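[1] Task: produce atomic coordinates for the following.
(one chain, ligands or ions: 1)
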Amino acid sequence: MTSLPSSVDVAIIGAGAAGLGAANALKESGLSVIVLEARDRVGGRAYTIQAAPDILFDVGCGWLHSADKNSFVAIAEQLNFVIDKALPPWRERAFRETFPQADRDDFFRSLDEFYERAWEASQKGEDAPANRYLEPGNRWNPMIDAISTYVNGCELDQVSILDMEAYEDTNINWRVRRGYGALVAAYGASCPVAPNCNVTLIDHSGKRLRLETSLGTLAADRVIVTAPTNLIADEAIRFSPALPAKVDAARDCRSASTTR
Ligand SMILES: Cc1cc2nc3c(=O)[nH]c(=O)nc-3n(C[C@H](O)[C@H](O)[C@H](O)COP(=O)(O)OP(=O)(O)OC[C@H]3O[C@@H](n4cnc5c(N)ncnc54)[C@H](O)[C@@H]3O)c2cc1C
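    Alright, predicted model coming up:
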């Protein structure tokens, strides 16, 4: 799509997994829909590159976590993307040569006990920073904290136990042979996307919404905003009149417990 329509029923901001999910869900609705994407490609944080002639590399997401419940598994099957069900390298297959079995058992016991303590505390409904549930003096604490930085995006002292426990993990993790990013891009291939279209303002003062973008102005009845919370917090997209409660909520997400 090269030019922007002047008016649609639904404008979706962002062509990542969430925006493309919304566009696919609206396909049979009879509504006119457009996905406005700032980048020149779809997928957002799902992005597969050809790193070398025989290496496909997922720059963003790579794992179908909780794969037995993950809706992208069925999408992959529909789109003929082969799923790799080999065990992930971080538990059973972790560093066999350099991480002796006895140490591994000890580490995973400590990790599981930490999660158990945090889970029990979270059941009381009261929030607390997750580092409080580390066993004082346990030699694996720095490693558990390091793992938090790539699971939660920050150290345990910045992670809320309620948020940590909200994550549903079935411990089944699969991969997409041709890349998760390639799968999300294929999922979006039939969606009406306007690339290179940066949305800067959502004016909701009138009867219809007015969106200001780098490709011009667009009227819409509804808007679905899927831009990352950080961008909402930074007011990269502005609302007129302002929506301070939503911006504050996005800022709270950033300061309370950040995930990716
Ligand atoms: C390194 C890394 C590894 C990850 N690994 C995993 C993993 O293994 N498994 C997993 O499930 N998840 C993983 N994730 C998380 C996963 O990638 C994201 O949760 C998911 O891709 C987010 O999708 P989204 O549609 O919500 O947001 P995004 O993918 O960020 O999409 C938002 C889109 O909005 C566009 N946009 C932003 N502002 C504007 C604007 N003003 N106007 C128009 N467009 C705009 C952006 O360009 C972007 O395309 C990982 C993330 C990263 C970064």
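[2] residues contacting residue 139?
    Listed by Cβ atoms under 8 Å, 6 or more residues apart in numbering, the contact set of residue 139 is empty. C-beta here means a position set from N, CA and C on the backbone, and glycine is covered the same way.
[3] Where does it sit: helix, strand or coil?
    With DSSP: H, G, I helix; E, B strand; the rest coil as the basis, residue 139 sits in coil.
[4] Could you do the one 5 residues further on as well?
    Three-state assignment for residue 144 (three-state DSSP): helix.
[5] and if you look at residue 9?
    strand.
[6] Same question for residue 183.
    helix.
[7] didn't it look like it was pressed against residue 83?
    No. With contact defined as Cβ atoms under 8 Å, residue 183 does not reach residue 83; the gap is 9.6 Å.
[8] Mutual contacts of the two, please.
    Shared contacts of residue 183 and residue 83 (Cβ under 8 Å, 6+ apart): 76, 176.
[9] where does the closest residue to residue 181 other than its chain neighbours sit relative to residue 179, distance-wise?
    Of all residues beyond its chain neighbours, the one nearest residue 181 is residue 48 (3.4 Å), with distances taken as Cβ to Cβ, 6 or more residues apart in numbering. The gap separating residue 48 from residue 179 is 3 Å, by Cβ to Cβ, to the nearest Å.
[10] Comparing residue 183 and residue 83, which shows the higher neighbour count?
    Set residue 183 next to residue 83 and count neighbours by other Cβ atoms under 10 Å: residue 183 wins out with 26 against 15.
[11] if we can go back for a sec, what about residue 48 and residue 179, which has more around it?
    Ranked by neighbour count (other Cβ under 10 Å), residue 48 and residue 179 place residue 179 first, with 25 against 22.
[12] Might one say that that one is in contact with residue 55?
    No. Applying Cβ under 8 Å as the test, residue 179 and residue 55 come out as separate, 10.4 Å apart.
[13] Packing partners of the helix or strand containing residue 148?
    Residue 148 is located in helix 141-151, with elements delineated by DSSP states H and E. Packing partners of helix 141-151 (3 or more Cβ pairs under 8 Å, 6 or more residues apart in numbering; DSSP states H and E): helix 101-123.
[14] Which elements pack onto the helix it packs on?
    Helix 101-123 sits against helix 141-151, helix 161-166, with contacts defined as 3+ Cβ pairs under 8 Å, 6+ apart.
[15] hmm, 6 Å instead?
    If you count contacts as 3 or more Cβ pairs under 6 Å, 6 or more residues apart in numbering; DSSP states H and E, helix 101-123 packs onto helix 161-166.
[16] quick revisit: so how far is the helix holding residue 148 off the chain centroid?
    Counting by Cα atoms, centre = their mean, to the nearest Å, helix 141-151 is centred 19 Å from the centre of its parent chain.
[17] beta partners of residue 34?
    residue 11 (DSSP bridges).
[18] who touches both of residue 48 and residue 179?
    Common contacts of residue 48 and residue 179, defined by Cβ atoms under 6 Å, 6 or more residues apart in numbering, comprise 56, 58.
[19] picking that back up, buried residues in the helix holding residue 148, which are they?
    For helix 141-151, the buried set under the neighbour-count rule, 16 or more other Cβ atoms under 10 Å, comprises 141, 144, 145, 148.
[20] State the distance from residue 218 to residue 30.
    Distance of residue 218 to residue 30, given as Cβ to Cβ: 19 Å.
[21] more crowded one of those two?
    Higher neighbour count among residue 218 and residue 30: residue 218, with 22 against 7, using other Cβ under 10 Å.
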